[in-house]
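Asks: Fold the stuff below for me.
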Amino acid sequence: MLKRKKKELSSFISPSVLIIISFAGVILTGALLLMLPIASRQKIVSSFTDCLFVATSATCVTGLVTKDTYNYWTTFGQAIILLLIQIGGLGLITITLFVGSFLKRKFGFKDLSLATESISYDSLPEVWTVLRMVVMFTLVVEAIGAIIITPEFVNRFGPSGVFRAVFTAVSAYCNAGFDLTGDKVNFVNLIPFQHSPIVLITVMSLIVIGGMGVLVWYDLVSSLKQKRSMMLHSSLVFKLTAGLILSGTILFLIFEYYNPGTIGNMSFGTKVINSFFQSITTRTAGFSSVNIGNLFTRTKVLFCILMFIGAAPGSTAGGIKITTFWVVVMTIWSYLRGRQDTVISGKRIKTEVVYRSLAIMILMLGMIFASAALIFANENHVQKVSVIDSLFEVFSAAGTVGLSANLTPTLMASSKYILILNMFMGRVGLVTFMLSITTLRASRKKNEILPEGKIIVG
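Replies: Residues are numbered from 1 along each chain as shown. Below is the predicted model of the structure:
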């Protein structure tokens, strides 16, 4: 009887709700493990707020931290964080179904729906092939990245450099932004490697590969084998990624060229590679090769825009996603040209996709500005906080980026919980979360016929 009730409950819950629940469960478990005395170097029970913050940041592959990952957490604590990053990057359901497929477990339609939802792939016949490829591709790319940067890390940190290199590679591919480069100084991130092309280029490559999504690479390989054109989605992802990287690099180089606190004292070649690095990592990963707190205000505004846009859907990245951003841009452009439909590359985009894109952008902006206002009002009672820094931290949290203007570690507990909510919503998707609440009610009114109402706008 109990088994039957569980089955009925499982069939009632939608795949998107199960994914949200799985993320919440992983975060809570991670927080409790990080609270264990064995997880901190001081051998103390860490505060629940800080542990929940770090667990959320790791599982939501963000990178914002309240404690330096190397100097505060033991190897056990760092291993927990690494596991949370890997689970967060792939998704607990993806990993569970992947293991189940190798154990020859029988899957039903519900499992297929979960698989397609978790990897953002809508072809049921190919879903198991793609799911296995997603996990294997991830592990192989992370391993290659770790092997490449290990000599540099061992040269700087000794034998512990091996684990640090693996940690960095996983964090980079999953677009998490966590690092283990601190020794005597907290929150240095990849600044010690700002003159190391091998580390910067490898980390950049891992970020881009992970941020574009395995399905895009799958489509590229398939199109080459079958000698066909790529899907519109994949083509857009490649073009928009290249455009945003190039434009972000040029603008960062111009804005920060003479700033002694960032790249001002570097040689021209080092300035260029660090500009490329920050352009790539800002949209999704959260690594930094310069002190973010020293950025000019104009650069912080640029970073907020890049963090908001993010990378590709179906990847380890955050933000509203580049395709969402482009659909909104092209909707406006199509309207200004007198078109009834949104047209991209000569193809009409479904109204449902346009509505979803607009909803994602508007809801995300609303959440970000409301959260930034709360943090600004909250923190001004205890410390001097600028509006741009409040916005910067929230854009970083909601975009699951992880860059910080050195504000997050100093925040009060109430402000940390605001960022926790933004990180969670940014990872599971604000619209997905809202739909999981309203879908049942909306389905009841699906066939309702309403009279037309006229409203004057503009």
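Asks: thinking Ala413 is in contact with Phe53, fair?
Replies: No. With contact defined as C-beta atoms under 8 Å, Ala413 does not reach Phe53; the gap is 9.2 Å. (Each C-beta comes from the backbone N, C-alpha and C, glycine too.)
Asks: Look at the two and report which has more neighbours.
Replies: Using other C-beta atoms under 10 Å as the criterion, Ala413 and Phe53 rank with Phe53 on top: 26 against 12.
Asks: what about the more buried one, distance to Lys416?
Replies: Distance of Phe53 to Lys416, computed by C-beta to C-beta, to the nearest Å: 5 Å.
Asks: Next, the nearest residue to Phe276 once chain neighbours are set aside: secondary structure please.
Replies: The shortest distance from Phe276 to any residue other than its chain neighbours is 4.9 Å, reached at Thr249 (C-beta to C-beta, 6 or more residues apart in numbering). Under DSSP: H, G, I helix; E, B strand; the rest coil, Thr249 falls in the helix class.
Asks: could you check the distance from Thr249 over to Gly293?
Replies: For Thr249, the distance to Gly293 - C-beta to C-beta - is 21 Å.
Asks: out of these two, which sits in the more crowded spot?
Replies: Comparing Thr249 with Gly293 by other C-beta under 10 Å, the one with more neighbours is Thr249, at 19 against 16.
Asks: Report the contact partners of that one.
Replies: Val272, Ser275, Phe276, Ser279 (C-beta atoms under 8 Å, 6 or more residues apart in numbering).
Asks: Quick check: the third one touching Leu244?
Replies: Okay, so that is Phe276. No. Counting by C-beta under 8 Å, Phe276 stays clear of Leu244, with 11.9 Å between them.
Asks: Now do the helices in the stretch 301-450 of the chain.
Replies: 322-336, 351-379, 387-398, 413-428, 430-444 (DSSP state H, counting those that start in this stretch).
Asks: wait, the stretch 51-200 of the chain
Replies: 69-72, 75-90, 92-102, 109-118, 127-157, 161-173, 197-212.
Asks: Need those in a markdown table (columns: mean neighbour count, distance to Ile20 and mean pLDDT).
Replies: What follows is the helices of the stretch 51-200 of the chain, written out as a markdown table (neighbours: other C-beta atoms under 10 Å; distance: least, C-beta to C-beta, whole Å; pLDDT from 0 to 100):
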| stretch | mean neighbour count | distance to Ile20 | mean pLDDT |
| --- | --- | --- | --- |
| helix 69-72 | 21 | 26 | 95 |
| helix 75-90 | 22 | 13 | 93 |
| helix 92-102 | 17 | 11 | 55 |
| helix 109-118 | 19 | 11 | 49 |
| helix 127-157 | 18 | 19 | 87 |
| helix 161-173 | 24 | 23 | 96 |
| helix 197-212 | 23 | 22 | 94 |
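Asks: okay if I get those as TSV plus distance to Ser404?
Replies: Shown next, in TSV, are the helices of the stretch 51-200 of the chain (distance: least, C-beta to C-beta, whole Å):
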stretch	distance to Ser404
helix 69-72	13
helix 75-90	17
helix 92-102	27
helix 109-118	29
helix 127-157	23
helix 161-173	15
helix 197-212	17
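Asks: Report the set of residues contacting both of Phe53 and Lys416.
Replies: Common neighbours of Phe53 and Lys416, using C-beta under 8 Å, 6+ apart, are Thr66.
Asks: just to revisit the earlier point, gap between the residue nearest to Phe276 and Leu306?
Replies: Separation of Thr249 from Leu306 (C-beta to C-beta) stands at 11 Å.
Asks: got any residues that touch both of these two?
Replies: With C-beta under 8 Å, 6+ apart, Thr249 and Leu306 have common neighbours Ser279.
Asks: So what does the nearest residue to Phe392 once chain neighbours are set aside have for phi and psi?
Replies: Among residues not flanking Phe392 along the chain, Ala405 sits closest, at 4.8 Å (C-beta to C-beta, 6+ apart). When read as degrees, to the nearest 10, the backbone of Ala405 gives phi -90, psi 30.
Asks: Near Ala405, how many other residues are there?
Replies: So Ala405, with other C-beta under 10 Å, has 21 neighbours.
Asks: Can you name the residues that contact it?
Replies: Counting by C-beta under 8 Å, 6+ apart, Ala405 makes contact with Ile292, Gly293, Leu295, Lys300, Ile388, Asp389, Phe392, Glu393.
Asks: again, only using 10 Å
Replies: If you count contacts by C-beta atoms under 10 Å, 6 or more residues apart in numbering, Ala405 has them with 291-295, 300, 303, 385-386, 388-393, 396.
Asks: Okay, it and Val301: tell me how far apart.
Replies: Taking C-beta to C-beta, one finds Ala405 at 12 Å from Val301.
Asks: got any residues that touch both of those two?
Replies: By C-beta under 10 Å, 6+ apart, the residues touching both Ala405 and Val301 are Leu295, Ile388, Leu391, Phe392.
Asks: Would you mind confirming that the first one is in contact with Gly264?
Replies: Which is Leu295. No. Assessed by C-beta atoms under 10 Å, Leu295 is found out of contact with Gly264, at 11.6 Å.
Asks: Which parts of stretch 320-332 count as buried, going by neighbours?
Replies: Residues of stretch 320-332 classed as buried by neighbour count (16 or more other C-beta atoms under 10 Å): Ile320, Lys321, Ile322, Thr323, Thr324, Phe325, Trp326, Val327, Val328, Met330, Thr331.
Asks: Over to stretch 353-367?
Replies: Val354, Arg356, Ser357, Ile360, Met361, Leu363, Met364, Met367.
Asks: One more: stretch 415-427?
Replies: Buried-residue list, stretch 415-427, by 16+ other C-beta under 10 Å: Ser415, Lys416, Ile418, Leu419, Ile420, Asn422, Met423, Phe424, Met425, Gly426, Arg427.
Asks: Between these, which sits nearest Phe376?
Replies: Distance to Phe376 across the buried residues of stretch 415-427 (C-beta to C-beta) is lowest for Ser415, with 9.4 Å.
Asks: what's the closest non-adjacent residue to the closest one?
Replies: Using C-beta to C-beta, 6+ apart, the closest residue to Ser415 is Ile375 (4.8 Å).
Asks: could the shared contacts of Ala405 and Val301 be laid out in a markdown table, adding neighbour count, pLDDT and distance to Ala312?
Replies: Formatted as a markdown table, the shared contacts of Ala405 and Val301 follow (neighbours: other C-beta atoms under 10 Å; pLDDT from 0 to 100; distance: C-beta to C-beta, whole Å):
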| residue | neighbour count | pLDDT | distance to Ala312 |
| --- | --- | --- | --- |
| Leu295 | 25 | 96 | 26 |
| Ile388 | 17 | 94 | 28 |
| Leu391 | 21 | 96 | 24 |
| Phe392 | 27 | 96 | 23 |
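Asks: and those residues, which two are the farthest apart?
Replies: Leu295 and Leu391 (13.1 Å).
Asks: anything in contact with each of those two?
Replies: In contact with both Leu295 and Leu391: Val301, Ala405, using C-beta under 10 Å, 6+ apart.
Asks: pLDDT below threshold where in this structure?
Replies: Within the chain, the stretches with pLDDT under 70 are 1-15, 92-130, 435-448.
Asks: hmm, 80 instead?
Replies: For the chain, residues meeting the criterion pLDDT under 80 lie at 1-19, 90-134, 184, 214-215, 314-316, 429-450, 454, 457-458.
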